[in-house]
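Novice: Just a sequence and a predicted model for now, questions to come.
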Amino acid sequence: MGVDLATQQLGGPIASQLVDLSPHLPVLPVVLPLVVAALMLFLDERRGILKAGLGAATLSALVLVSFVLLNTVSGDADGVIVYRLADWAAPFGIVLVVDRLAALMLMITSILALASFVFAVSGWAIVSPRFHSLFLLLVLGLNGAFLTGDMFNLYVFFEVLLAASYGLLLHGSGRQRVRAGLQYIAVNLGSSMLFLFGVGLLYASTGTLNMVDMMRVAAELQGGDVTVFRAGLAILSVAFLTKAGVWPLSFWLPVAYPAATPPVSAMFVIMTKVGAYILLRVTALASGVPETGLVEFLSPWLLYGGIATVIFGSMGVLASNQLQRIAAYATLITAGTLVAAVGTGDARAISGALYYLIGSTLATGAAFLISELIARLRTVESPAASEPVVEPVFGDDYETSLEDFEGYEVGIAFPAGTAMLGGAFVTGALVLAGLPPLSGFLAKFAIVRGVLAGTVSEVAAWVLAGAVIFSGLATLIALMRKGVEAFWRPGEETTAEVRSLEALPVGLLLALCVALAIFAAPVITYLDATSAYLANPVEYARNVLETGR
Amino acid sequence: MELVTAIGIGVIAGAGVWLILRPRTFQVILGLSLLTYAVNAFLLSMGGLKLGAPPILESVAGVDPSRHADPVPQSLVLTSIVISFSMTALYLVVLLAARGLTGTDHVDGEEPD
């Protein structure tokens, strides 16, 4: 029977099927990193260059796949591709759904991943074993979480990405990282438990795990089931808010992110966005059933929690004196802005916040990478300090000594290293602080305009607008102070040693930030279509449940 | 049966939460394990509690669903057991590494004064 079904579904000889892979494109962001990560486990640590090449090729392929998916959904009238895993129909089987929002997140993830990976393999990747596999598994988890249309499958992908992130945070080992890791893992295990409790309650009240189907059933719930559903949603939201780093659930973040190695911190920037993404997805889906008021109770929590996070992040930025800590708090500001925009439920604010998300994710990632280069700049006079601080602890099949690591340190000294570094710093700072002419300004302008013209109460709107603008000022002050200290120290010759493999990813990220400002019109058109589509989940639901292609 | 299960889950989860908030890493990991048990039992009960009801239909025709247990929570629990078990094992490794590197089993990595 299985054979019959296969020939019926696929049609034609097998050779023609092999040529046309395009229907299976949506599953590639999940399958490709998984397969390559598994294969890499067979290569031992001496094959570092081969692994680096494999990983970079995989991530480049993912950039390509995401671009094709992005192009497909933006050109498509429905704007959604539904991929049925193992061809089971939607409410019973698990579906992967690519819509404009998911395609955008895939795109950002793969670009950031490629940049951080290339930066990492130029040095940090070899200080502990199995970096390359863990990195690809993190990408797998992220992509899966963005794509899946199933609540429990989302939990599984969350656990995959968290498990990989535990390994990556501990990468390089050392007292500081293990201490931070201990707390990071405990917090995330705790919030995963909340996630499970929430999913359990949602299943108990609706009897389904498919997100779209869940909202459809939820619209018809009566009596006690409504309470159970709301409780489940509330518990689930606490879990997502923890992952997104919303105050007061964010105290783990400024400890964990700066403790990780710089390329890993750069990649972690996208992880807080997963929480915000899911909140946006869930609230958008639920807005299809407005008369029940099932999720409206969440909106004020998101709005005020987001505002509090922006303020907390701004104060944190002002209080930090390390670039990595500044970048960690800037991550919080972004997450807060995003969550608050979701809380307003206003399409214009959301589209502005998505534009802000693209620019700030790339710029924060670049800032983490630059922090490594600046740290080296500061210690040019005493080369001993630029050695990795720690001996590897998990060195089971790791034989390369730190002397070999030094071998990697020697590279082509970039002639205009300091100038390039300074330029990169200024560009990143302009985006993060939201100053014209770069994308940060346009984004904040769009958010403030959207919020002030939107449906939230006037006081809340002004407070949010004020917080967003104040966060820009705080970031600017902190980054200026840091830049003056790093580049304009009197009486000292500073030369930056930047290897071309390190300059490339930083340059790529910042060039994209600039391009985002130059080509703002098509991007904002796309994002407006995205938020308009999110505001009309009925179409999305119909596509997922009926026309699964 | 519902009441006993609910109270049991509540007690285990409460004990888990209390232990997680304790300052020693060993207490934290015991707390996480207890929470895991609680959440697994909770998930299993989400399909409704039934005794002696198989989760698998023997034939499609003339089936009375009320005499069968819901198979979905059972598969969810299997997944969550595997994941939380491996996470606990991973946390144990980090716990030991932290003990070795900091010389204390306090969660802050240093003894309070």
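Specialist: Perfect, I can see it now.

Novice: Give the full set of residues in contact with the most centrally placed residue in chain A.
Specialist: For chain A, the residue sitting closest to the mean C-alpha position, by CA atoms, centre = their mean, is residue A:270 at 1.8 Å. Residues counted as contacts of residue A:270 (CB atoms under 8 Å, 6 or more residues apart in numbering or on different chains) are A:108, A:109, A:112, A:142, A:361, A:365. To be clear about C-beta, it is placed using only N, CA and C from the backbone, and glycine gets the same treatment.

Novice: touching chain A at all, the helix or strand bottoming out on mean pLDDT in chain B?
Specialist: With mean pLDDT, DSSP states H and E as the measure, the helix or strand of chain B carrying the lowest mean pLDDT is helix B:71-102 (a mean of 87). Yes: shown here: helix B:71-102 in contact with chain A (CB under 8 Å from any CB of the partner chain) through B:72-73, B:76, B:79-80, B:83-84, B:86-88, B:90-91, B:94-95, B:97-98, B:100-102.

Novice: Distance from the helix or strand residue A:351 falls within to the middle of the chain?
Specialist: Secondary structure assignment for residue A:351, by DSSP states H and E: helix A:347-378. Remark: helix A:347-378 is offset 11 Å from the chain centroid, using CA atoms, centre = their mean, to the nearest Å.

Novice: buried sites along it?
Specialist: Across helix A:347-378, burial judged by 16 or more other CB atoms under 10 Å in any protein chain shown covers A:347-377.

Novice: Which secondary structure elements does it sit against?
Specialist: Helices and strands touching helix A:347-378, by 3 or more CB pairs under 8 Å, 6 or more residues apart in numbering or on different chains; DSSP states H and E, are helix A:100-121, helix A:262-286, helix A:323-344, helix A:417-433, helix A:439-452, helix A:458-487, helix A:500-518, helix A:520-534.

Novice: what about the stretch 151-300 of chain A, any weak spots by pLDDT?
Specialist: In the predicted model of the stretch 151-300 of chain A, residues A:288-294 satisfy pLDDT under 70.

Novice: could you pull out the helices for it?
Specialist: A:151-169, A:175-206, A:211-218, A:224-244, A:253-259, A:262-286, A:298-319 (DSSP state H, counting those that start in this stretch).

Novice: Pick the most buried one from those helices.
Specialist: With neighbours taken as mean count of other CB atoms under 10 Å in any protein chain shown, the helices of the stretch 151-300 of chain A reach their highest mean count in helix A:262-286, at a mean of 25.

Novice: Helix A:520-534 and that helix, what's the angle between them?
Specialist: 50 degrees (axes from the mean of the first three to the mean of the last three CA atoms, to 10 degrees).

Novice: tell me how far helix A:262-286 is from the chain's mean position?
Specialist: 5 Å.

Novice: ditto for stretch A:46-60
Specialist: The answer for stretch A:46-60 is 22 Å, by CA atoms, centre = their mean.

Novice: What is the burial count for the closest residue to residue A:349 other than its chain neighbours?
Specialist: Nearest residue to residue A:349 in three dimensions, chain neighbours excluded: residue A:450, at 3.5 Å (CB to CB, 6 or more residues apart in numbering or on different chains). A count of nearby residues for residue A:450, using other CB atoms under 10 Å in any protein chain shown, gives 22.

Novice: quick one: residue A:450 and residue A:348 touch, right?
Specialist: Yes: between residue A:450 and residue A:348 there is a contact under CB atoms under 8 Å: 3.3 Å.

Novice: Please name the residues that touch residue A:65.
Specialist: Residue A:65 touches A:25, A:28, A:29, A:32, A:106, A:110, counting by CB under 8 Å, 6+ apart.

Novice: wait, doesn't the last one sit right on residue A:139?
Specialist: I take that to be residue A:110. Yes: under the criterion of CB under 8 Å, residue A:110 makes contact with residue A:139 at 7.4 Å.

Novice: Looking at those two, which has the bigger crowd around it?
Specialist: Neighbour totals were compared for residue A:110 and residue A:139, and residue A:139 leads with 32 against 25 (other CB under 10 Å).

Novice: Give me the three-state assignment for residue B:60.
Specialist: coil (DSSP: H, G, I helix; E, B strand; the rest coil).

Novice: residues contacting residue A:167?
Specialist: For residue A:167, the contacting residues are A:130, A:134, by CB under 8 Å, 6+ apart.

Novice: run the last query once more with 6 Å
Specialist: residue A:134 (CB atoms under 6 Å, 6 or more residues apart in numbering or on different chains).

Novice: follow-up on the earlier one: let me have the helices of the stretch 151-300 of chain A in TSV, adding distance to residue A:121 as columns.
Specialist: Formatted as TSV, those follow (distance: least, CB to CB, whole Å):
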stretch	distance to residue A:121
helix A:151-169	14
helix A:175-206	19
helix A:211-218	37
helix A:224-244	28
helix A:253-259	21
helix A:262-286	9
helix A:298-319	30
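
Novice: The residue most central in space within chain B is in what secondary structure piece?
Specialist: Nearest residue to the geometric centre of chain B (CA atoms, centre = their mean): residue B:36, 1.8 Å. Assessed by DSSP H and E, residue B:36 sits inside helix B:25-45.

Novice: Please name the residues that touch residue A:225.
Specialist: Counted by CB under 6 Å, 6+ apart, residue A:225 has contacts residue A:205.

Novice: I'd like the distance between residue A:260 and residue A:175.
Specialist: Distance of residue A:260 to residue A:175, given as CB to CB, to the nearest Å: 14 Å.

Novice: do residue A:300 as well
Specialist: Residue A:300 is 42 Å from residue A:175, by CB to CB.

Novice: Return the residues of chain B in contact with chain A.
Specialist: Residues of chain B found near chain A (CB under 6 Å from any CB of the partner chain) are B:28, B:32, B:35, B:39, B:42-43, B:46, B:76, B:80, B:83, B:87, B:91, B:94, B:97-98, B:101, B:109.

Novice: Hmm, residue A:180 and residue B:101 touching each other?
Specialist: No: with contact defined as CB atoms under 6 Å, residue B:101 does not count as touching residue A:180 (11.7 Å).

Novice: Spatially nearest residue to residue A:24, not counting backbone neighbours?
Specialist: residue A:83 (7.5 Å).

Novice: actually residue A:159, not the one I typed
Specialist: residue B:83 (4.9 Å).

Novice: What's the local residue count around the one you found?
Specialist: The burial count for residue B:83: 20, using other CB under 10 Å.

Novice: Ok, residue A:172 next?
Specialist: For residue A:172, using other CB under 10 Å, the count is 21.

Novice: Who are the contact partners of it?
Specialist: By CB under 6 Å, 6+ apart, the residues touching residue A:172 are A:127, A:128, A:261.

Novice: and which of those residues is nearest residue A:212?
Specialist: residue A:261 (39.2 Å; CB to CB).

Novice: just checking, that closest one touches residue A:123?
Specialist: No: counting by CB under 6 Å, residue A:261 does not reach residue A:123; the two are 9.2 Å apart.

Novice: More neighbours: those two, which one.
Specialist: Legend: neighbour count by other CB under 10 Å for residue A:261 and residue A:123, higher for residue A:261 (26 against 21).
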